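Student: Based on what follows, work out the 3D shape:
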Amino acid sequence: MTANQPPEAPSPDPPHRSGTPGHPGTPPHRAEAPPYRVGRARAVLRVVAMVACVPYIGLKVAWMAGSRVGIPEGSALLDGGTLLRVANGVTVLMDGVVIVLALLLTRPWGKRVPAWLLVPPMWVASGLLLPIMTAFPVQLAVGLLGGGGGRPVGEGNSEPFLDPWVFGVVYGGFIAQGLALGVLFARYARERWGRLWQGRLRDLPVGPTTPALRATAVAAASAALLPGVTHLLWVSGSTAGLDAGRAADRTSDFYVLEAVNLLFVVVTAVGVLLLAFRRSGRLSLRLPLVLAWAGSAEMACWGGWLSVAGLMSAGEAADRPTTATVLTYAVQMLAGALVVTLGAYFFAERSAASALPTAAGAPAAADRVS
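Tutor: Below you'll find the predicted structure:
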């Protein structure tokens, strides 16, 4: 046996060849990844997200089929016609995306989905769910404290629209969707791209694109000034820029929603400026990234949603959005789009840096945004 042979003088290491150790002629291969396990918590969150879609989708399908459940007499929804049916179909598909996302974030094949196919719908879902998750509980609390009535989340009209129970059921489902998807996406993103946001702001290197990123951040923060000032005026009681119908129908719910809109404008500006100029001592990189994600999504997607909703519901001249309102939401969407563009370039730069060969010569492919 070789153990009984006398030791031989060490020979020089042979030239390195690609292949499995001990078998230089065999092709290289990666170590097999451990089996994917969903876990009980993720399985529960997946079910919660999917079940929470049922009330909204069920009501929309019923309305498209001609049912009037939850719609009172005199509601504008009764006169919607084909346009309203098409809009209901589109929103059913939008809520159906939540089901797809819940599956994608908890199934093995979801790890193979390209980032460009996953991140945009998740960002849009964040922008549409966050204002409801933030404003609706506050509106309920204000109502319980006697702060005045009204329809939740900016539905804004004194005419009958939907029965009160519909808002509780639908928005309760939206909040459950947002919480479940948020936790699932945070865990998914940490496992797949976690190293891209590790560290502190002051440790970020200055790269060749840093001046352009800073210029974009300043442009986005400057663009946010117009919607920020407008929402501040509206939450302060001013009617400047409001159409006559909306100005006459303001309730406590209107003021809560405008306060939430203002909050997300501030969150967006703070997040993007911190990320661009990095003068914050030991602040973790995660915080400005979360602020920029949430703020840009709300500004762009919620602003777009309110613009479309306002144009579709405009009947009489008094209810049509004013030029100031249209301009406010347009600039709000532009600011949000600038911030998310900056974020995309930031992560692309971080991903490229993490994909450079390591000291051992192996690419850090696990950190690549793909």
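
Student: how about the helices in the stretch 251-370 of the chain?
Tutor: With DSSP state H, counting those that start in this stretch as the criterion, the stretch 251-370 of the chain has helices at 252-277, 286-297, 303-313, 323-354.

Student: tell me the mean pLDDT over the longest one?
Tutor: I take that to be helix 323-354. Confidence for helix 323-354, expressed as mean pLDDT, is 91.

Student: Please apply the same query to the first one.
Tutor: pLDDT averaged over helix 252-277 equals 95, rounded to a whole number.

Student: ok, Trp234 to Trp305 distance?
Tutor: According to CB to CB, to the nearest Å, Trp234 and Trp305 sit 17 Å apart. Yep, even glycine has a C-beta here, placed from its N, CA and C like the rest.

Student: typed the wrong thing, it's Ala215
Tutor: Taking CB to CB, one finds Ala215 at 29 Å from Trp305.

Student: Those two: which is more packed in?
Tutor: Counted by other CB atoms under 10 Å, Ala215 and Trp305 do not tie: Trp305 has more neighbours, with 18 against 12.

Student: Give me the distance between that one and Val124.
Tutor: Going from Trp305 to Val124 by CB to CB gives 10 Å.

Student: ok, Glu63 - how many residues close by?
Tutor: No Glu there; residue 63 is Trp. 19.

Student: Ok, Ala65 next?
Tutor: Count around Ala65 with other CB under 10 Å applied: 8.

Student: Give the phi and psi angles for it, as a check.
Tutor: phi -80, psi 0 (degrees, to the nearest 10).

Student: Local confidence estimate at it?
Tutor: 92.

Student: how far away is it from Leu257?
Tutor: In terms of CB to CB, Ala65 sits 31 Å off from Leu257.

Student: Next: Lys60.
Tutor: Taken as CB to CB, the span from Lys60 to Leu257 is 22 Å.

Student: Which positions in stretch 64-79 come out as buried?
Tutor: Buried positions in stretch 64-79, judged by neighbour count with 16 or more other CB atoms under 10 Å: Gly70, Ile71, Ser75, Leu77.

Student: Also stretch 267-283?
Tutor: Residues of stretch 267-283 classed as buried by neighbour count (16+ other CB under 10 Å): Val267, Thr268, Ala269, Val270, Gly271, Val272, Leu273, Leu274, Leu275, Ala276, Arg278, Ser280.
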